[in-house]
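# Fold the following for me, if possible:
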Amino acid sequence: MRSIHHDEGAREDLWVDLDEIARLGARRMLAQALEAEVETSYVRAARGERDESGHALVRRNGRAREREIVLGAGAVKVRAPRVDDRRVDENGERKRFSSVILPPYMRRSPKVTEVLPLLYLHGLSSGDFEPVLEEFFGSGSGLSAKSITRLIEGWRSERESFMKRDLSGRDYVYVWVDGIHTSVRLGGNERRCVPW
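Down below sits the predicted model:
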């Protein structure tokens, strides 16, 4: 009996370790993707562009401050690479590198944001979001009760505007069909649905 209890504890530790491994893997993959995006897509593409002194107009410029991003694998910390771009566009404005993978003010993955309305629609109250999200994404999920309440208010206003939209200028055709499935099989293996 004691060895079974020990095995369950070891199994629980293993799950904790697996979650940590997933977070570390996600962090490493995100860092590599950001490096590839900066180096390959931006800096190398502008390698031939030089100023009058022969210095590169686009070059790496260290890393941004570390920030926490909430992903499906949990909250991970990342330091995005920075770029010094001295080129000027047609309007006289300096060009700036903006990551497609990790936009400047993004704090959570769009997939995580998609989950939140579903939790709300399934009856999770705003006070319950924080412990649930902490369980799934770690303590650094960045979603306090106040921010959840703000999101819910936004969803409510979106729903209200959707429900109040003017449909008078549109024609919609719909068909209502009802039927029953019987357990009787008629001449084959398929069950039939009988309209009524």
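# and this protein, what are its domains?
For the chain, automatic domain parsing gives the domain ranges 1-107, 108-171.
# Geometrically speaking, which residue is the centre of this protein?
Nearest residue to the geometric centre of the chain (Cα atoms, centre = their mean): Ser109, 2.0 Å.
# for that one, what are its contacts?
Ile69, Val70, Leu71, Gly72 (Cβ atoms under 8 Å, 6 or more residues apart in numbering). Heads up, the C-betas are built off the backbone N, CA and C, glycines and all.
# let's see it at 6 Å
Leu71 (Cβ atoms under 6 Å, 6 or more residues apart in numbering).
# Dihedrals phi and psi, it?
Here is the backbone geometry of Ser109 (degrees, to the nearest 10): phi -60, psi 140.
# Start and end of stretch 155-170, how far apart?
25 Å (Cα to Cα, to the nearest Å).
# downstream neighbour of the helix or strand of the chain with the lowest mean pLDDT in the secondary structure list?
Using mean pLDDT, DSSP states H and E, helix 126-137 stands out as the lowest-scoring helix or strand of the chain, at a mean of 65. Sequence-wise, the next helix or strand downstream of helix 126-137 (DSSP states H and E) is helix 145-163.
# for that next one, packing partners?
Helix 145-163 sits against helix 126-137, with contacts defined as 3 or more Cβ pairs under 6 Å, 6 or more residues apart in numbering; DSSP states H and E.
# from the chain's centre, how far out does stretch 59-67 sit?
22 Å (Cα atoms, centre = their mean, to the nearest Å).
# for it, what is the average pLDDT?
The pLDDT scores in stretch 59-67 average 89.
# Quick one: residues in contact with that stretch.
Lys77, Arg79, Ala80, Pro81, Arg82, Val83, Asp84.
# Swap in 10 Å and give it another go.
Applying Cβ atoms under 10 Å, 6 or more residues apart in numbering, the external contacts of stretch 59-67 come out as 31, 34-35, 38-39, 42-43, 46-47, 76-86, 97, 99, 102, 104-107, 142.
# do the same with stretch 91-101
30, 33-34, 36-38, 41-43, 46, 57-58, 61, 64, 80-89, 104, 106.
# one more time with 7 Å
Here stretch 91-101 makes contact (Cβ atoms under 7 Å, 6 or more residues apart in numbering) with Ala33, Leu34, Glu37, Val38, Tyr42, Ala80, Val83, Asp85, Arg87, Val88, Asp89, Pro104.
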